Each structure stands twice: as structure tokens, then as C-alpha cells.
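1. Got a predicted model here, sequence first, then my questions.
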Amino acid sequence: MPAWVVDAYREYAKRLPRECALHLVEIPLGKRRKSHGSAQAAEEEGRHLLASLPKDCTVIALDVLGNSWSTEALAVRLQDWLGSGRDVALLVGGPDGLSAACLARADLKWSLSALTYPHSLVRVVLAEQLYRAWTITAGHPYHRS
């Protein structure tokens, strides 16, 4: 990842309190070759993603066909997630998206936008939006509606 991505992600992640900490787990891309196309690569990535999930966690798949949430709606969901006592895993697929198995495992499907974003930018946007949602729940003045 470019340094600006690492720096931006770390900046927002460090602002979050311990009870809302972000833990980034990177999964290697599935191998793509003539005999192993993009569908097989997405399935391979999906197996690795599912294997990396914490036990009994809430899974949110980032998917263009998912539901869009306002920042305020995300803040309400974040409160619910924090109150549940369960880990929350946000799944971001590779260049070919999430596998069918990942989408089937998801408790919720969330669409950041109908636009397609590079993965480096999604990482930063997710961290910033989670921080923003947390500031709403904490009454912090960062978010202005």
C-alpha cells in the first residue's frame, strides 16, 4: 500500500478508543492464471477470508448490492455492534469482489457507494467513517450534520 494509505488508516484507527479498535487483517489475492480465472481466485480469497474471521463475530460484507447507510445510521449500527459484545468483521473483496461463500456468511451487506473504489481508498474511507460514527455516539464535535 502507498504510504499515504497506511498513514491515513493509522491516523483514524489510533483515534478510536480501545473498545472500538480496528484490527486490519490482509488476505493475499487469489492466484490468477490461464487455468485459474477470476472466479477461482475470488473463491480462494473467500476461503482465506472466512478462515480469518473471529469466532462468533458479526460479519458485514462490503458489496455494491448492499444497503447504503448514512453516517448517522452507521453511528446507530455501531452502537448496536458495541453493545452486542461481539467482534465485527468487515469483509472487503479483492478485484473480483467477494465470493459467494463470503456473501452467504454475511449478517449484513453494506454498500459504500454505487461507485467502484480502489481497495486502498476503501480502507481509508472505512476507518474514517467508523471514527466519524464513533464521534457521533460519543458527542464529539468532529461530525457536523
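-> Arrived safely, thanks for sending.

2. In this protein, where's the longest strand?
-> The longest strand of the chain (DSSP state E) is strand 58-67.

3. Quick one: list the elements packing against whatever helix or strand comes next after that one.
-> Towards the C-terminus, the helix or strand next in line after strand 58-67, according to DSSP states H and E, is helix 71-84. If contacts are counted by 3 or more Cβ pairs under 8 Å, 6 or more residues apart in numbering; DSSP states H and E, helix 71-84 sits against helix 119-138. For glycine as for every other residue, the C-beta is placed from the backbone atoms N, C-alpha and C.

4. what comes up buried for the helix it packs on?
-> By neighbour count, and taking 16 or more other Cβ atoms under 10 Å as the criterion, the buried residues in helix 119-138 are 122-136.

5. Quickly name whichever of those residues is closest to Asp80.
-> Among the buried residues of helix 119-138, Ala133 lies closest to Asp80 (Cβ to Cβ), at 11.2 Å.

6. pLDDT value on that closest one, please?
-> Ala133 carries a pLDDT score of 96 in this model.

7. shouldn't it be in contact with Trp69?
-> No - with the criterion set as Cβ atoms under 8 Å, Ala133 and Trp69 do not qualify as a contacting pair; they are 9.2 Å apart.

8. Find the residues that touch each one of these two.
-> With Cβ atoms under 8 Å, 6 or more residues apart in numbering applied, the overlap between the contact sets of Ala133 and Trp69 consists of Arg77.

9. Just say helix, strand or coil for the residue nearest to the spatial centre of the chain.
-> Compute the mean C-alpha point of the chain, and by Cα atoms, centre = their mean the closest residue is Leu90, 3.3 Å away. In the three-state summary, Leu90 is assigned as strand, counting by DSSP: H, G, I helix; E, B strand; the rest coil.
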